[in-house]
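Asker: Based on what follows, work out the 3D shape:
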Amino acid sequence: MALGKRRAVVHGRVRPDGEHLIDGRSLQLRRPAAQRLRSHLHRRRTDGGDGDCRGLLKPRRFFNHEGHEGREDLPPISRAALRKQIAAGETGPLYVLIGDDDSEKSAVATEFTEMVEEGLRAFSVDRLYGAEMKDADDLFDAAATLPMMAPRRIVIVFDAERLLIPKREGKAADAEQERLEEFVSHPPAHATVVLVCGPLDQRRRLVKLLLKEAQIVDCGTIADSMDAERWVKARAERDRIPLDTVAVRTLVDRAGIDIVRLRGGLERVALYAMGQAKITADDVKQVVPSTAEATNFGIANAIEQNDAAEALRELALALDGGAQPFFLLGQLRWVAEKMPRQRLKAAVDAVFRTDEAIKSSSGDPKILLERLVVELCGPADRRRINSAPTQHR
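Answerer: Residues are numbered from 1 along each chain as shown. A predicted model of the protein is given here:
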């Protein structure tokens, strides 16, 4: 049976919109697609602006395992804007929670249930688990059910990536994907469906459609040290942990950009300095050990400040700690791509020359990396010193 013709599950004699009684019999009338589709483009944002809030995100660059550049067009909604939607009872029909912070995703998903009074949640809130669902029928049925004494029906699907990715190939799997695409394109207007996702394969047509149609809530995706500092500041403010600015930067320098280490470090600092009016960088250094990854990003931070001596010191620490030259070269490539426009070409060329020199054994990788670091730290008019040595080992 086609998705659009499925009978909604209702309580008692309540009937869903579009169903009529003729001579005592029920007749289901399918609404035109234009009426069923609630366009994000024509809905007023709850954060005070007009139009689609997804346009706030600038496409983010990334490089795959082959080194080819791609773009991610994930449309995010801020936590503050989401809280306003939930408080007003004016959430949209479809949300996707992504990111590395599983605790944060679980907490955000739980916030949606606050739209329904606690005593009525058994009737208007559904929690499903993608790993336990044989097919999408459970999702369709839950979303089709009308809310009882609540503004919207809340359907939360944990491990939703397990539902979105077919368990096997074949005609049945293709048909299931088409039904999910129809659901994503035309979600029920009375429901709010929240998909709590792990890693998503953005090459799939269904995933592309989902990221286009849904409102995305990013829970802990940290791309660089600046993202990490913003995350630490926001979490410290929320939990009333009095970190000063230097302490925030020190925590990121020592813990790196891993969400688990950042959260653990923040919790340790909060316990260690409990009762203090202000938590300083010295407090952070007492309880948060430095990691290899943090050392690698220490190189990036030093280069951004044009501090060649500090960058060389961090490079030595990373190599002594067992970091592989090719991994460090990847970090330096990331730094080079963030250079100002007038320095960008020279910086990227220097990275590629160093890469070729290391691969062809044209010199000691440590010396080649040191030369690259110094060149990246130098001003735009600095004499290039990163040419590969002519002698061979």
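Asker: Wasn't Arg127 part of a strand?
Answerer: Yes: counting by DSSP: H, G, I helix; E, B strand; the rest coil, Arg127 falls inside a strand.
Asker: Contacts only, for the residue lying closest to it once chain neighbours are set aside.
Answerer: With sequence-adjacent residues excluded and distances taken as CB to CB, 6 or more residues apart in numbering, Arg127 is closest to Ile156, at 5.1 Å. The C-beta positions use only the backbone N, C-alpha and C, and glycine is treated the same way. By CB atoms under 8 Å, 6 or more residues apart in numbering, Ile156 lies in contact with Ala109, Phe112, Thr113, Val125, Asp126, Arg127, Leu128, Val194, Val196.
Asker: Kindly report the same for Gly264.
Answerer: Ala255 are the contacts of Gly264 under CB under 8 Å, 6+ apart.
Asker: Ramachandran angles for it?
Answerer: In terms of degrees, to the nearest 10, the main-chain angles of Gly264 are phi -60, psi -40.
Asker: in this protein, which spans are strands?
Answerer: 19-22, 25-28, 60-63, 69-72, 94-98, 125-129, 153-158, 191-196, 215-218 (DSSP state E).
Asker: Give me the helices and strands touching the last one, please.
Answerer: Applying 3 or more CB pairs under 8 Å, 6 or more residues apart in numbering; DSSP states H and E, we find strand 215-218 packed against strand 94-98.
Asker: now do the fifth one
Answerer: Judged by 3+ CB pairs under 8 Å, 6+ apart, the packing partners of strand 94-98 are helix 102-112, strand 191-196, helix 205-213, strand 215-218.
Asker: Residues touching the second one, excluding its own?
Answerer: This points to strand 191-196. Residues outside strand 191-196 that contact it (CB under 8 Å, 6+ apart) are 91-97, 105-106, 109, 112, 115, 139, 142-145, 147, 152-160, 163-164, 187, 210, 214.
Asker: for the first one, same thing?
Answerer: With CB under 8 Å, 6+ apart as the test, helix 102-112 has contacts from 79, 82-83, 86, 91, 95, 97-99, 154, 156, 158, 192, 194, 196, 217, 219-220, 263.
Asker: can you do 10 Å?
Answerer: Outside helix 102-112, the residues that touch it by CB atoms under 10 Å, 6 or more residues apart in numbering are 79, 82-83, 85-87, 91, 95, 97-99, 101, 125, 127, 152, 154-158, 192-198, 217-220, 231, 235, 259-260, 263.
Asker: Let's see the longest helix seen in the chain as PDB, backbone CA atoms only.
Answerer: The residue-count maximum for a helix in the chain (DSSP state H) belongs to helix 341-359. In PDB, the C-alpha atoms belonging to helix 341-359 read as follows (Å, rounded to 0.1, in the frame of the first residue of the first chain):
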ATOM      1  CA  ARG A 341      44.400  34.800   0.300                       C
ATOM      2  CA  GLN A 342      47.700  36.500  -0.500                       C
ATOM      3  CA  ARG A 343      49.600  33.700   1.200                       C
ATOM      4  CA  LEU A 344      47.400  30.800   0.300                       C
ATOM      5  CA  LYS A 345      49.000  29.600  -2.900                       C
ATOM      6  CA  ALA A 346      52.600  29.800  -1.600                       C
ATOM      7  CA  ALA A 347      51.600  27.900   1.600                       C
ATOM      8  CA  VAL A 348      49.800  25.100  -0.300                       C
ATOM      9  CA  ASP A 349      52.700  24.800  -2.800                       C
ATOM     10  CA  ALA A 350      55.100  24.400   0.100                       C
ATOM     11  CA  VAL A 351      53.000  21.600   1.600                       C
ATOM     12  CA  PHE A 352      52.900  19.800  -1.700                       C
ATOM     13  CA  ARG A 353      56.700  20.100  -2.200                       C
ATOM     14  CA  THR A 354      57.200  18.700   1.300                       C
ATOM     15  CA  ASP A 355      54.800  15.900   0.600                       C
ATOM     16  CA  GLU A 356      56.700  14.900  -2.600                       C
ATOM     17  CA  ALA A 357      60.000  15.200  -0.900                       C
ATOM     18  CA  ILE A 358      59.000  12.900   2.000                       C
ATOM     19  CA  LYS A 359      57.400  10.300  -0.400                       C
END
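Asker: So which bits of that helix are buried?
Answerer: Residues of helix 341-359 classed as buried: Arg343, Ala346, Ala347, Ala350, Val351, Arg353, Thr354, Asp355, Ala357, Ile358 (neighbour count, 16 or more other CB atoms under 10 Å).
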